[in-house]
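**Q** just need the structure, nothing else, for what follows:
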Amino acid sequence: MESTSASTPSPTPPPNFRAGLAVLIGRTNAGKSTLLNALVERKVSIVSSKPQTTRHPIHGVLHRPAGQIVFVDTPGFFQTHRSALVEKLHARTRAALDGIDVVVHVADPSRPLGAEDEMVLTSLSTVAQPKILCLAKSDLRSRAHLAAWREHAAHYAVVLEVSAVSRRHLEDLVTAILNRLPVAPPLYPESEFTNARREFQIAEIIREKIYILTGDEVPYRTAVKVDAIEERPSRAGDDLFEVHAEIQVAHVRYKSMLIGAKGRMVRNIGASARKDLETLLGRKVFLKLRVAVDDKLPE
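**A** The predicted structure follows:
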């Protein structure tokens, strides 16, 4: 993935400026992507209730006068039947641990520790870099398994209870990470907040809306391919972006589900995605979606 913004010269950082990579790791649906978006204060990673919504390690860049944190969001560990896609996502998560400076283990104390959590703990057991245990979702009334997670505190440099929703202790988390980064120049210019290309971000937003609107009907293996992004004047006289994208599914039955009766579902997906796309692109968007079957996609 490439940066979405043009690189511009940055001012010389102050002495003792810190910069480095902080990887977010955890079981699926632990709240990693929601936490990343809250920390960077913009939508960098998509969020849904489907397992392993995040498929690629995504960088979200947080700029502070004292330093720069490059957060790496990763696919969550997901215990399910063996498949090429799940194994590939797990491999990507493990690979994201190479070359990082700090590990932020995002845990969900509202759910009992299970096989997926054990997979995370095993992966982290040989990591030498500083580890921070981030007990997420502190805005929830009930987190029945908080004590069970605190039993693992000795294996971490810091343990923090945070909430992406209420922003509780997010600045404490930022400080804890910055204190453990090396003294180094920034990795990204101040104008950049992610390493994701514009096409990738557009495709991810559309994929998020598919998951949210279809629930469990359509497999999470559904893919989105952006065919074209064109600037053109609107009827009102201002410029807009015309985006053409293809939703790819593995079987014709899923195509029918996504199109819906009289095209209602695909229109709803487009309408929901268009709002986020206009925020991302900074102007009105005309979004044209089509649904196609790709028999190379795993079901």
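
**Q** contacts, neighbours, all on C-alpha from now
**A** OK.

**Q** assumed residue 275 was part of a strand.
**A** No: read with DSSP: H, G, I helix; E, B strand; the rest coil, residue 275 is helix and lies in no strand.

**Q** what's around it, how many residues?
**A** 13 (other Cα atoms under 10 Å).

**Q** measure residue 100 to residue 282 for me?
**A** Going from residue 100 to residue 282 by Cα to Cα, to the nearest Å gives 33 Å.

**Q** kindly report the same for residue 104.
**A** To residue 282, residue 104 is 32 Å away according to Cα to Cα.

**Q** compare those two (neighbour count), which wins?
**A** More neighbours surround residue 104 than the other of residue 104 and residue 282, with 23 against 11 (other Cα under 10 Å).

**Q** pretty sure the more buried one belongs to a helix, no?
**A** No: under three-state DSSP, residue 104 sits outside any helix and is assigned strand.

**Q** show me the beta-bridge partners of it.
**A** Listed beta-bridge partners, residue 104: residue 24, residue 132 (assigned using DSSP bridges).

**Q** domain parsing for this protein?
**A** Listed domain ranges for the chain are 18-178, 198-293 (source: automatic domain parsing).

**Q** show me what counts as buried in stretch 292-299.
**A** Buried positions in stretch 292-299, judged by neighbour count with 16 or more other Cα atoms under 10 Å: 292, 293.

**Q** check stretch 172-192 too.
**A** 173-174, 176-178, 180-182, 185-186, 188-190, 192.

**Q** which SS class is residue 265?
**A** helix.

**Q** so who does it touch?
**A** 257, 258, 259 (Cα atoms under 8 Å, 6 or more residues apart in numbering).

**Q** now those as TSV including distance to residue 33, neighbour count and pLDDT?
**A** Formatted as TSV, these follow (distance: Cα to Cα, whole Å; neighbours: other Cα atoms under 10 Å; pLDDT from 0 to 100):
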residue	distance to residue 33	neighbour count	pLDDT
257	27	16	89
258	25	27	91
259	28	18	93
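
**Q** ok, the closest residue to residue 239 other than its chain neighbours to residue 286 distance?
**A** Spatially, and ignoring its direct neighbours in sequence, residue 239 is nearest to residue 233 (4.2 Å; Cα to Cα, 6 or more residues apart in numbering). Here residue 233 is placed at a distance of 11 Å from residue 286 (Cα to Cα).

**Q** kindly report the same for residue 69.
**A** Distance from residue 69 to residue 286, by Cα to Cα: 35 Å.

**Q** those two: which has the busier surroundings?
**A** Taking other Cα under 10 Å, residue 69 and residue 286 do not tie; residue 69 has more neighbours (28 against 20).

**Q** which secondary structure element of this protein has the lowest mean pLDDT?
**A** helix 84-95 (a mean of 49; mean pLDDT, DSSP states H and E).

**Q** which ones are touching the residue positioned nearest the centre of the chain?
**A** Centroid-nearest residue in the chain: residue 45, 2.9 Å away (criterion: Cα atoms, centre = their mean). Residues in contact with residue 45 (Cα under 8 Å, 6+ apart) are 33, 34, 36, 37, 54, 58, 73.

**Q** quick check: the first one is in a strand.
**A** Yep, that's residue 33 we're talking about. No: assigned with three-state DSSP, residue 33 falls outside any strand and is helix.

**Q** what about it, distance to residue 242?
**A** 28 Å.

**Q** the more surrounded of the two?
**A** Between residue 33 and residue 242, counting by other Cα under 10 Å, residue 33 is the more crowded of the two (28 against 17).

**Q** spatially nearest residue to the more buried one (excluding sequence neighbours)?
**A** residue 45 (5.5 Å).

**Q** mind checking how far that neighbour is from residue 24?
**A** 12 Å.

**Q** what is in contact with those two at once?
**A** residue 73.

**Q** how about residue 126, secondary structure?
**A** The three-state label for residue 126, taken from three-state DSSP, comes out as coil.

**Q** and it, its phi and psi?
**A** Residue 126 has phi and psi values of phi -110, psi 10 when expressed as degrees, to the nearest 10.
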